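In: Pasting a predicted model and its sequence here:
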Amino acid sequence: MNSISSQAEEAQGGGSELSFEQLLGQLLPKVIDGFVSLNGVERLSAGASQETYCIEVTLESGPEKLAMRRASGGEEGEITAQHPGLAVEALLMQTAAQYNVPEPEIHHVLKPEDGLGSGFIMQWLEGLTLGARIVKAPELDTIRPQLAFMCGEILARIHGIDLKASGLDQHLQLLTPREYVEQTWQRYQEFATPQPMIDFTARWLLDHLPADFTPSLVHNDFRNGNVMVDATGVVAVLDWEVAHIGDPMRDLGWMLTHSWRFGRAELPVGGFGQTEDLFAGYESVSGEKVDPEAVKFWQVFGSFWWAVGCLGMAEHYRTGPDQSVERPAIGRRSSECQVDCVNLLIPGPVELVQAGDSGAGIDMPRIDELLASVTDFLRQDVMSSTQGRTNFLARVASNSLDIVQREVALGQTCLANENQRLSDLFSSDASVMDLRWRLVHGLRDGSISLELPNLAEHLRATVVNQIAIDQPRYAGFTTAMAGQV
């Protein structure tokens, strides 16, 4: 019996286990005024590290919706300074609301005796949260040009929260830029996968640390996709799970990180606005000038951090508890972030590998035909007859098969070319994996200079050809091929 089931049994004093919906139905009358009935619960597709649910209820005033945010699998890991937990996340949202930051009302923070795991129930708000919709939805055409300024204002309010008066200083970790880089670099190293561009970027970051900063509340995941938007502006700031005390410019740099532009590379603020508007909104509330160099540091860090975070999703798939098809797919997005680091730090010309005839085999049907048939089934049959999370995961699965098809066509040649470049770099005929590790270890211990001749060219060619396999429609790939930032 898992721990959530054990909690459920304890909640009813032993005996047969209650279902998730039964436990929720027992809890809601105690915490929601005017509750009449629970009509349905649906897990939404959003949220790779936490679960989000839509709860449909009837109140005395009529039908309503509630939202619930819950730890993955219901089981929250150890509460630490780095991971303060969902109860603190609820406190952060309540505190931010007092500083005129748009937030949903928190109705109840889950307790062990509720039997539902860790999380909280909150007000349901209407609006768009999908970044890809926010950058192009027609209903946002009028407000979209104002969103960057609004986001700047909101971030300044968040950074202005009094940590001591709110009590948040007792719950959140103080993290300096150096500590954050080193902590992230160490986390990546624990995955035991050699990704030289990640190590190169870590070295660059440690060479370009911000000179000073005023310790402030940092949301740490403020981006397009974590703000809810409607035709009037920002409705709510969501997902506070990685908040900490640190350099406030982290939030501005993260907002500019390429991963959150959703194909609109020309609009650096979330794919909907310009940098100068974000800075102007921030300065209008904070009264302080934004340092562009500090923001660039955190923009590079943003791609570095998310490159490691994507690998962490793949590691989580291997170790559980949530082994959904979504996690390994996100793992392959690490190359998107790495190509963004290439574009920011070592842009230049790249030669792409071309597809050959040998990768798919000679059997009938060929490997590529088998993969294509399953992909078509997922897209044409499964997706047309499903909705919600199943529909979303079918799309993810079909995209993963696309990656496999491209790797069949390009992967062997990419590895052979990488091996040749590394052999030339080190004057060695060792295997590609051995030479990768040699490069990674040299970057980590400082024995290899970032200025080593042909290093930048090698890293650029390796990463850009990898993104051609993983996601050739990513806007950062187009930028890399143009040889421009």
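Out: Ah, there it is.
In: could you point out where the chain is predicted with low confidence?
Out: For the chain, the stretches flagged by pLDDT under 70 are 1-16, 45-49, 74, 76-82, 321, 356-360, 483-485.
In: Determine which residue lies closest to the centroid of it.
Out: residue 306 (6.3 Å; CA atoms, centre = their mean).
In: Got the phi and psi for that one?
Out: phi -80, psi -30 (degrees, to the nearest 10).
In: Just the buried positions in the top helix by length along the chain, please.
Out: Counting residues, the longest helix found in the chain (DSSP state H) is helix 388-426. Buried residues in helix 388-426, counted by 16 or more other CB atoms under 10 Å: 392-411, 413-415, 417-419, 421-422, 425. Bear in mind the C-beta positions are built from the backbone N, C-alpha and C, glycine included.
In: mind listing the strands for this structure?
Out: Here the chain has its strands, by DSSP state E, at 35-43, 50-59, 62-71, 106-109, 119-123, 216-218, 227-230, 233-237, 244-246.
In: And the longest helix of the chain, how far out from the chain middle?
Out: Centre-to-centre, helix 388-426 and its host chain are 20 Å apart (CA atoms, centre = their mean, to the nearest Å).
In: pretty sure residue 194 contacts residue 435?
Out: No. Contact criterion CB atoms under 8 Å: residue 194 and residue 435 do not qualify, at 9.3 Å.
In: can the strands of the chain go into CSV with extra columns for distance to residue 365 and mean neighbour count?
Out: Below are those laid out as CSV (distance: least, CB to CB, whole Å; neighbours: other CB atoms under 10 Å):
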stretch, distance to residue 365, mean neighbour count
strand 35-43, 36, 15
strand 50-59, 39, 17
strand 62-71, 43, 18
strand 106-109, 54, 18
strand 119-123, 46, 21
strand 216-218, 52, 25
strand 227-230, 46, 22
strand 233-237, 49, 21
strand 244-246, 52, 21
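In: ok, residue 89 to residue 248 distance?
Out: To residue 248, residue 89 is 19 Å away according to CB to CB, to the nearest Å.
In: my guess is residue 88 contacts residue 172, does it?
Out: Yes. Counting by CB under 8 Å, residue 88 sits close enough to residue 172 to count as a contact (7.4 Å).
In: who's in contact with the nearest residue to residue 182 once chain neighbours are set aside?
Out: Closest residue to residue 182 in three dimensions, ignoring its sequence neighbours and counting by CB to CB, 6 or more residues apart in numbering: residue 206, at 7.7 Å. Contacts for residue 206 (CB atoms under 8 Å, 6 or more residues apart in numbering) come out as 178, 181, 182.
In: Count the neighbours of the second one for me.
Out: Same thing as residue 181. By other CB atoms under 10 Å, the residues close to residue 181 number 23.
In: Please apply the same query to the last one.
Out: When neighbours are defined as other CB under 10 Å, residue 182 has 14 of them.
In: Then the first one?
Out: Counted with other CB under 10 Å, the neighbours of residue 178 add up to 12.
In: In contact with the residue lying closest to it once chain neighbours are set aside, which residues are there?
Out: Of all residues not flanking residue 178 in the chain, residue 209 sits nearest, at 5.6 Å (CB to CB, 6+ apart). Residue 209 is in contact with 177, 178, 181, 297, counting by CB under 8 Å, 6+ apart.
In: hmm, try it at 10 Å
Out: 176, 177, 178, 180, 181, 247, 294, 297 (CB atoms under 10 Å, 6 or more residues apart in numbering).
In: Tell me who's in contact with the second one.
Out: Under the criterion of CB under 10 Å, 6+ apart, the contact partners of residue 177 comprise 205-206, 208-213, 246-247, 249-250, 294, 297-298, 301.
In: Just the ones of these in helices?
Out: Of the positions in these, 205, 206, 249, 250, 294, 297, 298, 301 sit in helices, assigned by DSSP H.
In: Now, of these, which are buried?
Out: Applying 16+ other CB under 10 Å to those flags 205, 249, 250, 294, 297, 298, 301 as buried.
In: Helices of the stretch 1-150 of the chain, start to end?
Out: Taking DSSP state H, counting those that start in this stretch to define them, one finds helices in the stretch 1-150 of the chain at 3-11, 20-31, 86-98, 131-134, 144-159.
In: What is the fourth one packed up against?
Out: When you say that, I think you mean helix 131-134. Packing partners of helix 131-134 (3 or more CB pairs under 10 Å, 6 or more residues apart in numbering; DSSP states H and E): strand 227-230.
In: Then the last one?
Out: With contacts taken as 3+ CB pairs under 10 Å, 6+ apart, helix 144-159 sits against helix 86-98, strand 216-218, strand 227-230, strand 233-237, helix 249-256, helix 275-286.
In: Can you lay out these as CSV showing distance to residue 119?
Out: CSV is the format used below for the helices and strands packed on helix 144-159 (distance: least, CB to CB, whole Å):
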stretch, distance to residue 119
helix 86-98, 5
strand 216-218, 22
strand 227-230, 18
strand 233-237, 17
helix 249-256, 24
helix 275-286, 31
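In: among the ones you listed, which is nearest residue 156?
Out: Nearest to residue 156 among the helices and strands packed on helix 144-159 is helix 275-286; the distance by CB to CB comes to 3.5 Å.
In: Report the distance from the closest one to the chain centre.
Out: On CA atoms, centre = their mean, the centre of helix 275-286 falls 24 Å from that of its chain.
In: coming back round to it: anything in contact with each of residue 88 and residue 172?
Out: Counting by CB under 10 Å, 6+ apart, the common neighbours of residue 88 and residue 172 are residue 243.
In: now the angle between strand 50-59 and the longest helix of the chain, please.
Out: Per axes from the mean of the first three to the mean of the last three CA atoms, to 10 degrees, the angle that helix 388-426 makes with strand 50-59 is 170 degrees.
In: Let me know the angle separating helix 388-426 from strand 35-43.
Out: Orientation check (the same axes, to 10 degrees): helix 388-426 against strand 35-43 gives 40 degrees.
In: helices and strands around helix 388-426, which ones?
Out: Using 3+ CB pairs under 10 Å, 6+ apart, helix 388-426 sits against strand 35-43, helix 326-331, helix 367-376, helix 432-445, helix 455-470.
In: of the ones you listed, which approaches residue 150 most closely?
Out: When the helices and strands packed on helix 388-426 are compared by CB to CB, helix 326-331 sits nearest residue 150, at 28.5 Å.
In: give me the number of residues near residue 331?
Out: Residue 331 is flanked by 23 other residues according to other CB under 10 Å.
In: How about the contacts made by the spatially closest residue to it that is not a sequence neighbour?
Out: Spatially, and ignoring its direct neighbours in sequence, residue 331 is nearest to residue 314 (2.7 Å; CB to CB, 6+ apart). Going by CB under 10 Å, 6+ apart, residue 314 touches 191, 193, 327, 328, 329, 330, 331, 332, 333, 334.
In: In those, which residue is surrounded by the most others?
Out: residue 334 (28 neighbours).
In: Which residue is the nearest non-sequential neighbour of that residue?
Out: Residue 334 sits nearest to residue 310 (CB to CB, 6+ apart), 4.0 Å away.
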